[in-house]
Structures are given as C-alpha cells and as structure tokens.
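*Asks:* Pasted the sequence and its predicted model underneath.
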Amino acid sequence: MIPLEHLAATPAAILVGAALLEALLPWPAHLRLSALVPLLTRLGHKVRRPDGAPAVQQRSGLLATLVVWLPCAALLWSVRNLALSEPLFDLLILLLLIESRPLRELAQANRQLAQGETLPLARLQAAPWLKRGTERLSALGVSKAVTETVALRLVAQWAGPLFGFLLAGVQGALLWRLASLLTQAFSPKEPDFTHFGLPVARLYQALATLPALLLALPLLAGRGMGRVARGGLRWPFPAGGVLLALLAARLRVRLGGPRFYADDKLRFPVLGEGDEPTASTPARALARLQMMGWGWLLLTLLLTLGGEFV
C-alpha cells in the first residue's frame, strides 16, 4: 500500500489538491493575484518611454518583465528553502497562483445581466475583462465577448499555472502566472503599450500554447473537427484560436468577428457555424473546458498511482 504521506507529496496530488481547494474555498477579490494588474499597469506607465522608438519601447518592456519576475522568483526560492514542509508550501503557493472562481462569477453574472434592462450592468461587468470599449455591445456581443474571455483566461490563470507546476514546480507555475498578469497589465491592445507590451505578450503566447492545445485536444474527436481546428489558426493567438474554434463547434455557436479597440475596428476570423451566443453560453463554455481540465488532472493522478505500483 502506498503511504499517504508519500502520495500527498507527489506533484499530481498537489495539483489536484490545489485545484480542488481553489474551486471550493471562497477567496476575497482583493487577495487574488489579479488585483495586482492595476499596480503593474502603473509600473509600466512609469518605466516606458513614450518618446522612444518601437525597439526602445520593446527593450523597456522586456526589462520591466525581468524586474518583476526575477525578485519574485528569488523570493519564492528563498522562502521555499525555509519551509518546514515543501509539499505543503507548494500546495499553498499553487493555490494562490490559480484563479477560476472569478471566471465562474463573471459567467454567472453574464447569465443574469446580459438581457433587457440590465444590459448596461452586463457591459460594466465585462469592461475590465475585455480591455476594450463595451458601450456599443449588444446582449449578443457581450455574451460572445465574455465567452471568448472566460475560455482564454482559463488558460492564463488556471490551466497554465497548473501545467507550469507539472513541468517545473512552483517556479514554473510562477512564471506562467506572472507572464499572464504582465500581459494583462501591459496589453498591446492599449495604445500606450502597443510596443512596450510585445515582449511579455510573445512570452505568454509561447507559454500558453501547450496548455491551450491540451484543453482543446479532447474537443478534437469527431468528423470534420480537424478542419475546424485549422480555421482557428487565423486567430492572433493561434493556439487560443484553435481552442475557441473547437469550443464554438461543440457548443454550436459562433465566436470571433469584428471588435473595437480604442477607435480602431479590428476584424477577427469568425469561428463556428452555429447560432449566436446567448447569456448562458459563457457558463456552458467554462464548464466544458474545466471538465476537460479536470480530466487531465485526474489522468495525471492515475498515472502517478499506476507508477507507484510498477
């Protein structure tokens, strides 16, 4: 029989434990890591050089990323070496790094508000997440934008850090999560960070590619789904586009299409051939993707248990 202490110290058990605790325990909004995004944005405004050439701004953005990540990584390494129980420390840190509850709250709020007289409230609720103007969005537009957001943010703040932990422990999870936070804070979609935010945005896309594809893989089964997945490669973040395309096909809705950032109208590819999203679509999308994520977590745990018996 496998000793319980040994099983609890395995990376797979820590992954499942952290994900389970995060799903069950309420966590105040001001204690979540996403609360740091406004502070990081202010840091970006202080260190960027608006009068510099694009290459200079990109170097400044890279330097800002290193200034944030290196002290955090050094502090984490130092404190972990002092911990009485490294598995327990890893569990608590991973619990701090992952966030899926805010996405469920956003999806639930959209279900309740994205209709009729409460549509203005739905727009206000979605605005901080979308990084673009929501004043022109209809109920359909809000639901579509929130569906895309909860799917891609699940990769950024839940699946990505879990995958990073599996590959490189808490340092890997920290790198994945900080990359997503800095991408939100220095978003190239914002005019002030068009060039400054490119280095961390490219880093994040590289890190998020495998987690996004792993979430998409179970959705790939079935006739014609390969063609659907290839259509998603036209998205600015190709792996995210593949995930959204397969998700749209499974939910039988249409995602993508034109949207406004500042005063610029950008045309994203249309994904899916079904109906337009409804107020309940974000919650359905999030539930489907988390089910895929939990399937991978349980498979990792089963493989760990099987390895112990070999």
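*Replies:* Arrived safely, thanks for sending. Everything quoted here is computed from the prediction, not taken from an experiment.

*Asks:* elements contacting the worst-scoring helix or strand of the chain on mean pLDDT?
*Replies:* The helix or strand of the chain with the poorest confidence is helix 4-8; it has a mean of 71 (mean pLDDT, DSSP states H and E). Under the contact criterion of 3 or more Cβ pairs under 8 Å, 6 or more residues apart in numbering; DSSP states H and E, helix 4-8 touches helix 11-24, helix 281-309. No exception for glycine: its C-beta is placed from N, CA and C like everyone else's.

*Asks:* starting at the chain centroid, how far to the first one?
*Replies:* Between the mean C-alpha point of helix 11-24 and the mean C-alpha point of its chain there is a distance of 17 Å (Cα atoms, centre = their mean, to the nearest Å).

*Asks:* Just the buried residues of the helix or strand just after it, please?
*Replies:* Later in the chain than helix 11-24, the nearest helix or strand by DSSP states H and E is helix 37-47. Neighbour-count burial for helix 37-47, counted by 16 or more other Cβ atoms under 10 Å, picks out 37, 40, 41, 43, 44.

*Asks:* what is the mean pLDDT for the following helix or strand past helix 37-47?
*Replies:* Following helix 37-47 in sequence order, the next helix or strand is helix 54-82 (DSSP H and E). Averaging pLDDT along helix 54-82 yields 94.

*Asks:* Could you double-check that residue 156 lies in contact with residue 180?
*Replies:* Yes: with contacts counted by Cβ atoms under 8 Å, residue 156 reaches residue 180, the gap being 3.8 Å.

*Asks:* So for those two, which residues contact both of them?
*Replies:* Common contact partners of residue 156 and residue 180 (Cβ atoms under 8 Å, 6 or more residues apart in numbering): 204, 208.

*Asks:* host element of residue 258?
*Replies:* When the helices and strands are read off by DSSP H and E, the one containing residue 258 is strand 255-261.

*Asks:* To clarify, my last question referred to residue 278.
*Replies:* Per DSSP H and E: nothing holds residue 278, as it lies in no helix or strand.

*Asks:* pretty sure it is in contact with residue 146, am I right?
*Replies:* No: applying Cβ under 8 Å as the test, residue 278 and residue 146 come out as separate, 11.2 Å apart.

*Asks:* which of those two has more neighbours?
*Replies:* residue 146 (31 against 18; other Cβ atoms under 10 Å).

*Asks:* Check whether that one sits in a helix, strand or coil.
*Replies:* helix (DSSP: H, G, I helix; E, B strand; the rest coil).

*Asks:* Could you do residue 156 as well?
*Replies:* helix.

*Asks:* How many residues are close by residue 252?
*Replies:* 11.

*Asks:* count of neighbours near the nearest residue to it once chain neighbours are set aside?
*Replies:* The shortest distance from residue 252 to any non-neighbouring residue, by Cβ to Cβ, 6 or more residues apart in numbering, is to residue 274 (3.5 Å). Look at residue 274: counted by other Cβ under 10 Å, it has 13 neighbours.

*Asks:* do the same with residue 304
*Replies:* Using other Cβ under 10 Å: residue 304 sits among 17 other residues.

*Asks:* Who are the contact partners of the residue lying closest to it once chain neighbours are set aside?
*Replies:* Leaving out its chain neighbours, the residue that sits closest to residue 304 by Cβ to Cβ, 6+ apart is residue 12, at 4.0 Å. By Cβ under 8 Å, 6+ apart, the residues touching residue 12 are 166, 297, 300, 301, 303, 304.

*Asks:* The fourth one touches residue 11, doesn't it?
*Replies:* No: Residue 301 lies out of contact with residue 11 (Cβ under 8 Å); the separation is 9.8 Å.

*Asks:* And the pLDDT for the residue nearest to residue 304?
*Replies:* pLDDT, residue 12: 92.

*Asks:* next one: residue 233
*Replies:* pLDDT, residue 233: 93.
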